[in-house]
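Visitor: Predicted structure and sequence below. I'll ask about it afterward.
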Amino acid sequence: MRRKLAPRRRAHPKPRSAVQALVDETVALHQWLAWVSEQIYGEDARGAARRWTLRRLDRDGARTVPELARARVVRRQSLQPIVDGLVRDGLVDLRENPRHARSELVTLTRRGADLVARMDRVDERVLRAASRGVGERDLVEAAETLRALRAGFETGVRWRPAASAARGST
């Protein structure tokens, strides 16, 4: 498998606002996290959607493909091939669902649970190393800030009128 190149480090122009600087850094961090994830987990954990699905099943328990898709905010048809691949690789099983005749429950196998535990151990070590020198209080404050900003986007009432007004002014 050919490894992708690391994201480029480039000078960012002066941000237009503090919130824009936060968004720019969040996007840059997301790109780095995606790249690092592909480097550290190994072949069984390739792909963000696979890792997300395995971790959701580990943390939340058995779910149907439609339930998983709603949680990820994607169409069921987009997540089905991911689940099918996880079944083929022996990381999840499909079981009869007592609440629904056609929608089976996706459950972790022992192998899948072991992989999630290994990914969590890797995360702990890598995140500790990468965050060296950043204070605990700073990390808590950054998480709270990002959570508040995310909540602002989860509520369309806050941002949709601004988007409509901006489109109308062009």
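Guide: Nice, thanks for sending it over.
Visitor: Only C-alpha atoms from now on, for both contacts and neighbour counts.
Guide: OK.
Visitor: Quick one: distance of the helix ranked longest in the chain to the chain centre.
Guide: Looking across the chain with DSSP state H, the single longest helix is helix 18-40. Relative to its chain's centre, helix 18-40 lies at 12 Å (Cα atoms, centre = their mean, to the nearest Å).
Visitor: Over to stretch 109-116?
Guide: 19 Å.
Visitor: what about that stretch, average pLDDT?
Guide: Averaged across stretch 109-116, the pLDDT comes to 97.
Visitor: Helix or strand: which one has the residue nearest the centre of the chain?
Guide: Nearest to the mean C-alpha position of the chain, by Cα atoms, centre = their mean, lies residue 52 at 5.8 Å. Element membership for residue 52 (DSSP states H and E) is helix 48-60.
Visitor: helices or strands up against that helix?
Guide: helix 76-88, strand 105-108, helix 110-130 (3 or more Cα pairs under 8 Å, 6 or more residues apart in numbering; DSSP states H and E).
Visitor: Give me the neighbour count for residue 19.
Guide: Each residue near residue 19 was counted by other Cα atoms under 10 Å, and the total is 11.
Visitor: separation between it and residue 25?
Guide: 10 Å (Cα to Cα, to the nearest Å).
Visitor: Mind listing residues that contact the host helix or strand of residue 148?
Guide: Assigned by DSSP H and E, residue 148 belongs to helix 136-154. The contact list for helix 136-154 (Cα atoms under 8 Å, 6 or more residues apart in numbering) reads 158-159.
Visitor: after that helix comes which helix or strand?
Guide: Following helix 136-154 in sequence, per DSSP H and E, is helix 156-168.
Visitor: For that following helix, C-alpha coordinates in CSV please.
Guide: Taking Å, rounded to 0.1, in the frame of the first residue of the first chain, the C-alpha atoms of helix 156-168 are listed here in CSV:
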residue,chain,number,x,y,z
GLY,A,156,-29.2,25.6,12.2
VAL,A,157,-31.3,28.4,13.6
ARG,A,158,-28.0,30.1,14.6
TRP,A,159,-26.1,30.0,11.3
ARG,A,160,-28.7,29.4,8.5
PRO,A,161,-30.0,33.0,8.6
ALA,A,162,-26.5,34.4,8.3
ALA,A,163,-25.7,32.1,5.3
SER,A,164,-29.0,33.2,3.6
ALA,A,165,-28.2,36.9,4.2
ALA,A,166,-24.7,36.5,2.9
ARG,A,167,-25.9,34.7,-0.3
GLY,A,168,-28.5,37.5,-0.8
